[in-house]
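Participant: structure for this input, please:
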Amino acid sequence: FMARHGLGQHIQRMAADGSGERGMELMLQHQHGQGLWCLLSVDAVNSIRGELLYHECFLTDISDRKRAEQDVYKLAFFDPLTHLANRRRLKDRLQQHLDTSQAQGHWGALLLLDVDHFKELNDTQGHNVGDQCLVQLAAHILHRVGPCATVARIGGDEFAVLPDRLHPTAEQAALAAGTLAHALLGVGQTDLRINGQPYRASLSIGVALYGETQDTHDTVMRNADLAMYEAKRSGRNAVRLFDARIQQALQRRTQLQSELQLALLAGQLRLA
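Facilitator: Okay, here's the model as predicted:
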């Protein structure tokens, strides 16, 4: 048993460096193929003169605790419906990408995807049907982007795609993100099956680049969100790359609305 699992080497090392009392967590393979988490601990047994006689080794089954830890981790970082990463997990991954891009002077992109007219599907067919749609879309998005990206569900019908690859220039990052975004537009047009019937959904996609030293998680998320809503305003089933002009137009629109409300309260508006 010890030779099959290589325990002898672990025991020698733990005895030598004094880590035996703390223990070492190991994944052992059960004879039936099932994985078994164990805590290996080593105690030195000395003579009355303090001479080392032998070591006692103990294996404790900690599989239940490890499963509980994994369950807590999944609840904290993954969406229970689609099993994609959640908003918290995406934030951690995006921050890692920001740190790397700023250290290397490279550029990356974040894509936000929103399902068009999803509220109507929920309202007319029920939330169970809406959930079926989201689960299938999540699977299609994962298949389309492959393993080299973080895919997350960050809201009711909002997904995010964070490609792992960084690019030397903003132009290269924008080109790669645009190519991926247009490929993802076809995801909704894939034949989904809702209650056994074919269903097609369209997506509005916003793309935000990052690579400037002042970029933060919040600014990148906000920029992608603005670009995504611009895609919706343009007629949906579209891709928009964040541009500073989008933010300026939004600020002008917000300021105009605020000024009109103040003018209305002050009785300053007159019909011409």
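Participant: shouldn't Arg205 be in contact with Arg240?
Facilitator: For the record, residue 205 is Ile, not Arg. Yes - using Cβ atoms under 8 Å, Ile205 is in contact with Arg240, at 7.4 Å. For the C-beta atoms, the positions are set from N, CA and C on the backbone; glycine is no exception.
Participant: low-confidence ranges, the stretch 101-250 of the chain, go.
Facilitator: 244-250 (pLDDT under 70).
Participant: in it, which spans are helices?
Facilitator: Remark: helices assigned in the stretch 101-250 of the chain by DSSP state H, counting those that start in this stretch are 118-125, 127-145, 170-185, 217-233, 244-265.
Participant: just to revisit the earlier point, identify the contacts common to Ile205 and Arg240.
Facilitator: Contact criterion Cβ atoms under 8 Å, 6 or more residues apart in numbering; residues shared by Ile205 and Arg240: 228, 231.
Participant: a markdown table for the helices of the stretch 101-250 of the chain, including distance to Asp79 and mean neighbour count?
Facilitator: Compiled in a markdown table, the helices of the stretch 101-250 of the chain are given as follows (distance: least, Cβ to Cβ, whole Å; neighbours: other Cβ atoms under 10 Å):
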| stretch | distance to Asp79 | mean neighbour count |
| --- | --- | --- |
| helix 118-125 | 16 | 14 |
| helix 127-145 | 8 | 18 |
| helix 170-185 | 18 | 16 |
| helix 217-233 | 17 | 19 |
| helix 244-265 | 28 | 11 |
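Participant: in TSV, list these along with distance to Lys66.
Facilitator: Below are the helices of the stretch 101-250 of the chain laid out as TSV (distance: least, Cβ to Cβ, whole Å):
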stretch	distance to Lys66
helix 118-125	37
helix 127-145	26
helix 170-185	36
helix 217-233	31
helix 244-265	47
